[in-house]
Every structure is written in structure tokens, then in C-alpha cells.
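Asks: need a structure here:
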Amino acid sequence: MKKLFSCLLFSLFPVSYVSATAVMVEFNHETISFAEQPRVSVLLQVLNDKSKVYWPMAKLYQTDAEIQPQLLFDQQQVLEDLRQLILMWHHDQNVSQQLSALRREISNWQLGVFVNTPLDLDLTKLRQELNPVLNKGAYILSASKRLNYVSVVAMGGRSDVVYRQGKPAYQYLQEADYSDTVKDVDEVFYIPNQTYNNSIDAKTIAVSYWNKTTEPLVNGTVLYVPIPADVLTEQYAMLNEQIVKLAQYRIAQ
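Replies: Purely as a prediction, here's the structure:
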């Protein structure tokens, strides 16, 4: 009877509750669990011993139960709005296919809140203020490879364009796989690559032939080309802003 009760308890409650895990970190499809809240240096040491990590591009995102439901709700709302738009444009195969590709891209986004702390083992050991205790919850560490591209997201999906130092936004648009669909755009949303102490909000930048920003982009930037106003209806007038807000929580892969 005692054994049966234990099995029932295990099946009714997730492993994290049964084992009283305080922090779980997912990296490269492996989950590392801590019974107590570790300092950042402890996490980095464990990962450093277990895996080859490209630390200059490493980012930590929190994805626990207090954060994830709202992000997932917002994502599902955007996907539903896009689904309705696709149905409205069923008579135009080109527009409906491009909207469908954008919807597929957004459905693949994994979301989390960027943890603004340096992932540098030596630095965290030297400076206590840069070695905080992690909050309880679930995390994802993204550090599998070095980013070497700028992502252009638009109707048509996502196109990763090879990064070149000094290249401005409008040149990346010209080289995107679906450059014909973005050639008449006046401005795009600029979503910078989040790094320690450099968490910048998204903004619009000019890319038209008569008024374009020549400031070079940084590696890992996302450019979102908004859905044209003539494709949207009044009901979905804020859809572009909602997509940009969601993109700021996208976990870099």
C-alpha cells in the first residue's frame, strides 16, 4: 500500500515538486537541477565542466511558471489574429501564403525573460555584485553557437542574412530571401541583440531609398518588417506592435 501511494504521488505531481528542485536550467536538451538556489558562478562552473559553451554569446533566460503563461497567452493571441487575417485574405494566394509563413515563424519562437547578468566565470568569482543568487524557477541557457547573422522577419517568414561589420539595416533587407516583399518599406522595427547591460528597447529605423539610416547593425539583431497597413483591418491595427513586443522575449537559438 505504501509503495502504491508513492507511485500515485509521483504520477500526480511533476518531478520538480517531488524532488523540491529550486532551480532547473536547460541547455542543449539537457536539464541541470539544483536543490538549492545557486549563485551564477556555481551554474557556470557546472556547465563549464559538462559542456563546451561559447561563453561570449551565452545568454540566460528565465522561463518559470510565473512568467511563461502570460508570454504564451500573448503568443497564442498573435497566432490567432494571424490565422484570422489569413482567412480574410484567402482570395489572394500570395498574401495568404506570406502571412502563413510569418505565422509559422512566430509559432516556433521559444520565449523567456532575459537575465541581465554577465556569464563570465572569472568575473563572477572576482566581483560579488556580479554573482547573484538565481531566483527559484526554470531557465534556458542559449549558447550553442556563435551568431553570425541578422534575422529579417516579415510576411514570408524569416531570412537569416550573413552579418558584415558596418552594414546598415537597408542592405540586409536587400539581401533577404524575399527582398521583393520588403523593397517599398519606409521603416522597420529594430530589435537589438540583448547582452549584459545593453538591453535596448525595440525602435523603428528608416530604410526607404530617400530616407535611410546608415548606422551599422550589431551581430544577432532582428529586423521586423511590419505587415502593410492595407493588409491589416482596424481590428488588427496593433498587430505589428504586438509581434514586436513578443519578439523581444524570443530566445536566440
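Asks: And the pLDDT at the nearest residue to Q68 once chain neighbours are set aside?
Replies: Of all residues beyond its chain neighbours, the one nearest Q68 is L111 (7.3 Å), with distances taken as CB to CB, 6 or more residues apart in numbering. Quick note: C-beta positions are derived from backbone N, CA and C, even for glycine. The model reports L111 with a pLDDT of 93.
Asks: before we move on, what about G156?
Replies: The predicted local confidence for G156 is 91.
Asks: In contact with D177, which residues are there?
Replies: D177 makes contact with G156, S159, according to CB atoms under 8 Å, 6 or more residues apart in numbering.
Asks: From L239, how far out is it?
Replies: For D177, the distance to L239 equals 22 Å [CB to CB, to the nearest Å].
Asks: next one: R39
Replies: 41 Å.
Asks: Does N135 touch Q62 like I think?
Replies: Yes: N135 is in contact with Q62 according to CB atoms under 8 Å; the separation is 7.0 Å.
Asks: So the two - more neighbours on which side?
Replies: Between N135 and Q62, Q62 has the larger neighbour count (other CB atoms under 10 Å), namely 19 against 13.
Asks: what about I140, neighbour count?
Replies: When counting by other CB under 10 Å, one arrives at 20 neighbours for I140.
Asks: go on, T214?
Replies: T214: 11 neighbours (other CB under 10 Å).
Asks: Specify the beta-bridge partners of the nearest residue to it once chain neighbours are set aside.
Replies: Distances taken as CB to CB, 6+ apart put P168 closest to T214, at 4.8 Å, once the chain neighbours are dropped. When assigned by DSSP bridges, P168 has beta-bridge partners P216.
Asks: ok, now F34?
Replies: For F34, the beta-bridge partners are V23 (DSSP bridges).
Asks: any idea how far N94 is from A35?
Replies: 55 Å.
Asks: same question but for K245, I mixed them up
Replies: From K245 over to N94 the distance is 27 Å, taken as CB to CB.
Asks: Compare neighbour counts for these two and give me the winner.
Replies: Taking neighbours as other CB under 10 Å, K245 and N94 compare with K245 leading, 15 against 11.
Asks: Next, the contact list for L217, please.
Replies: V150, Y163, K167, P168, A169, Y172, Y190, L223 are the contacts of L217 under CB under 8 Å, 6+ apart.
Asks: what ranges do the strands span in the stretch 1-150 of the chain?
Replies: Applying DSSP state E, counting those that start in this stretch to the stretch 1-150 of the chain gives strands spanning 23-27, 30-34, 59-62, 113-114, 137-142, 149-154.
Asks: Pick the most deeply packed of those.
Replies: strand 149-154 (a mean of 23; mean count of other CB atoms under 10 Å).
Asks: can you pull the contacts of the nearest residue to S208 once chain neighbours are set aside?
Replies: Leaving aside its sequence neighbours, S208 sits nearest to D186 (CB to CB, 6+ apart; 4.4 Å). Contacts for D186 (CB under 8 Å, 6+ apart) come out as A206, V207, S208, N211.
Asks: got a list of what the first one touches?
Replies: Read it as A206. D186, E187, K212, T213.
Asks: Tell me how far the last one lies from A143.
Replies: What it means is T213. Distance, T213 to A143, using CB to CB: 30 Å.
Asks: and those two? which has more neighbours close in?
Replies: Under the neighbour definition other CB under 10 Å, T213 and A143 were set side by side, and A143 has more, 20 against 17.
Asks: ok, that one - contacts?
Replies: Contacts of A143 by CB under 8 Å, 6+ apart are F27, V53, Y54, W55, M57, A58, K59, L119.
Asks: my read: the fourth one touches D120, true?
Replies: To tie it back to what came earlier, the one meant is W55. Yes: between W55 and D120 there is a contact under CB under 8 Å: 6.8 Å.
Asks: Which one's more surrounded, these two?
Replies: Higher neighbour count among W55 and D120: D120, with 19 against 14, using other CB under 10 Å.
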